[in-house]
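*Asks:* can't give you the sequence, but here's the structure:
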C-alpha cells in the first residue's frame, strides 16, 4: 500500500511543529511513501523562507536539508508528465483545487496511492471527495 505525502506533511519531518509526531508515525508504518518531484522544490523553498524570516537558524536549516536528503532517498518520486498535468487540470476544475495541490493529487492518483497525508485542509477534502483515505497530521 502506498501513502502519498505532500509538502505540508513532509515538512513536519524536517522541522518540529504541530503534527510532527503523527507524520513520523505514519512514515514508519507506511509500506511505501510517494511524493511528487514538486515536493523537493517546495520543501527547499519553505526552508529558505524559514531562514529568511528568522524561524530557522543557518544550522537548523542545514540540518533540515541533510535530513531532507536522507528521507527523500526513501520516497517513490512521481515525476511530472503530460498525463499528470492533464489530470491536475481536470482536478482543478472538478474539486476546485489550486494548481500545486492539483498536481499533488494527480500524482497520488498516478502512483496508485491508497492514503494521502496533508496538513492542507483543502487538499484533504478534495482527496476524500475522490475516494482516498486521508491523514491530516493536525487532527
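*Replies:* Sure, I can see it. Quantities reported herein were computed from a predicted structural model and do not represent experimental measurements.
*Asks:* buried set for stretch 110-117?
*Replies:* 110, 111, 113, 115, 116, 117 (16 or more other CB atoms under 10 Å). From N, CA and C alone the C-beta is placed, and that goes for glycine too.
*Asks:* list the contacts for the second one?
*Replies:* The contact partners of residue 111, by CB atoms under 8 Å, 6 or more residues apart in numbering, come to 2, 4, 34, 76, 78.
*Asks:* buried among the residues you listed? Make that a PyMOL selection.
*Replies:* Those of the contacts of residue 111 that count as buried under 16+ other CB under 10 Å are selected in PyMOL with:
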select buried, resi 2+4+34+78
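*Asks:* now distance to residue 28, secondary structure and pLDDT too, for the contacts of residue 111, in JSON lines please.
*Replies:* Compiled in JSON lines, the contacts of residue 111 are given as follows (distance: CB to CB, whole Å; DSSP: H, G, I helix; E, B strand; the rest coil; pLDDT from 0 to 100):
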{"residue": "2", "distance to residue 28": "15", "secondary structure": "strand", "pLDDT": "98"}
{"residue": "4", "distance to residue 28": "16", "secondary structure": "strand", "pLDDT": "98"}
{"residue": "34", "distance to residue 28": "16", "secondary structure": "strand", "pLDDT": "98"}
{"residue": "76", "distance to residue 28": "16", "secondary structure": "strand", "pLDDT": "98"}
{"residue": "78", "distance to residue 28": "21", "secondary structure": "strand", "pLDDT": "98"}
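*Asks:* tell me which residues of stretch 15-31 come out buried.
*Replies:* Quick answer for stretch 15-31 (16+ other CB under 10 Å): 15, 19, 20, 22, 23, 26, 27, 30.
*Asks:* which SS class is residue 3?
*Replies:* strand (DSSP: H, G, I helix; E, B strand; the rest coil).
*Asks:* how many other residues sit next to it?
*Replies:* Using other CB atoms under 10 Å, residue 3 has 23 neighbouring residues.
*Asks:* surely it meets residue 30?
*Replies:* Yes. At 4.2 Å, residue 3 and residue 30 qualify as touching, with contact defined as CB atoms under 8 Å.
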